[in-house]
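> missing the sequence, but the structure's below:
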């Protein structure tokens, strides 16, 4: 079954929180963990916070630089990726009828996880193989990220099957380290190193066992939510994400579609067509950015409603108040007092 090698531009900040705490527990200072990421710990703690893939990769580089390329250290970081940190994706897997269906569903919505590897399943007689595609993984982080994604996947497997070690064989593209004891401890087997692919092998009996939380109605509802969340995140990618970032970068000047198209060196017709192909449109993006900026500007407490309305491109403050009530269900000042 095909998987994906796509790394979403925007990702949940939970992974960065887990990695930062891992660095702190290893004796690193917070500034060393977040160096050059542009991230703030308080922002990361906000519900629903997101980061870019590049910000997470920079954090990983900070960890590798300070902790060194110790064999298996990524496995220790991956321990923290328990099933409960994956939100609705995790609930969907728990509600699946068996391990095989859970794996297939999980791979369909792999972009909702924190993995940087593409993954896909292969059937080989009485065995099932899970392949990790590292073609999109930066070379300098290849070992750490492979270990982390492996350990994270095994945390999910253990939560689903209630079995500590079910792997029959592991093939890794990594060079064999001098000490493999940590691999044996965390994975249950010593991998075969220096292979052409990253491959995990399990007997089919483990994947075909019914899961205790199986519920067809719940898994259907969860999958619907997974699809909605994935669609929403993908609107942050591609052209829609590029436009959204441009709009947010200049809150005092919000261009119309013709002006935005000109800045992107395309016609407004092309812009409209490409956004439609991504399931978005300029009006929705502008509305979303206005709402985000309105909340931020109200939070400063130093601007009048007239000033905020002007910065958001509203000709009349009454139009801004009406729009805000539609977004949040309350007037701007009431929202600000809350």
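Right, received. Where do you want to start? Predicted, not measured: the structure shown is a model, and the values here were computed from it.
> Report how many residues lie close to residue 80.
Look at residue 80: counted by other CB atoms under 10 Å, it has 19 neighbours. C-beta here means a position set from N, CA and C on the backbone, and glycine is covered the same way.
> In contact with it, which residues are there?
In this structure, residue 80 makes contact with 18, 21, 22, judged by CB atoms under 8 Å, 6 or more residues apart in numbering.
> and which of those is nearest residue 226?
Distances from residue 226 to the contacts of residue 80, taken as CB to CB, are shortest for residue 18 (20.7 Å).
> thinking that closest one is in contact with residue 86, fair?
No. Using CB atoms under 8 Å as the test, residue 18 is too far from residue 86 to be in contact (11.4 Å).
> Which of the two has more residues huddled nearby?
Neighbour totals were compared for residue 18 and residue 86, and residue 86 leads with 23 against 20 (other CB under 10 Å).
> Give me the distance between the residue nearest to that one when sequence neighbours are not counted and residue 99.
Nearest non-adjacent residue to residue 86, counting by CB to CB, 6 or more residues apart in numbering: residue 113, 6.2 Å away. Computed with CB to CB, to the nearest Å, the distance linking residue 113 and residue 99 is 17 Å.
> same check, this time on residue 90
Counting by CB to CB, the gap from residue 90 to residue 99 is 14 Å.
> The two - which one has more neighbours?
Counting neighbours by other CB under 10 Å for residue 90 and for residue 99 shows that residue 99 has the greater number, 24 against 20.
> now the more buried one, nearest residue through space, not along the chain?
Leaving aside its sequence neighbours, residue 99 sits nearest to residue 207 (CB to CB, 6+ apart; 4.0 Å).
> pretty sure the one you found contacts residue 96?
No. Taking contacts as CB under 8 Å, residue 207 lies outside contact range of residue 96: 10.7 Å.
> and the two? which has more neighbours close in?
Using other CB under 10 Å as the criterion, residue 207 and residue 96 rank with residue 96 on top: 25 against 22.
> Kindly confirm my reading that the more buried one is in a helix.
No. Judged by DSSP: H, G, I helix; E, B strand; the rest coil, residue 96 forms no part of a helix; its state is coil.
> Who are the contact partners of it?
102, 105, 211, 214, 219.
> now the closest residue to it other than its chain neighbours: how far from residue 119?
Spatial nearest neighbour of residue 96, chain neighbours left out: residue 102 (3.8 Å); criterion: CB to CB, 6+ apart. Distance, residue 102 to residue 119, by CB to CB: 13 Å.
> ok, now which ones touch residue 212?
If you count contacts by CB under 8 Å, 6+ apart, then residue 212 has nothing around it.
> On the three-state scheme, it is what?
Here residue 212 is coil, with the state taken from three-state DSSP.
> Could you number the chain from 46 rather than 1 from now on?
That works, and once the first residue is 46, the last one we named lands at residue 257.
> Check the gap between it and residue 98 for me.
For residue 257, the distance to residue 98 (CB to CB) stands at 35 Å.
> What residue spans form the domains of the protein?
Domain assignment for the chain by automatic domain parsing gives 55-272, 280-382.
> re earlier: residue contacts, the residue nearest to residue 144?
With CB under 8 Å, 6+ apart, residue 252 has these contacts: 143, 144, 145, 148, 173.
> and the last one, what helix or strand is that in?
Residue 173 is part of strand 172-178 when elements are defined by DSSP states H and E.
> Please list the residues outside that strand that contact it.
By CB under 8 Å, 6+ apart, the list of residues contacting strand 172-178 from outside reads 48, 50, 145, 148, 162-168, 191, 194-195, 198, 213, 242-249, 252.
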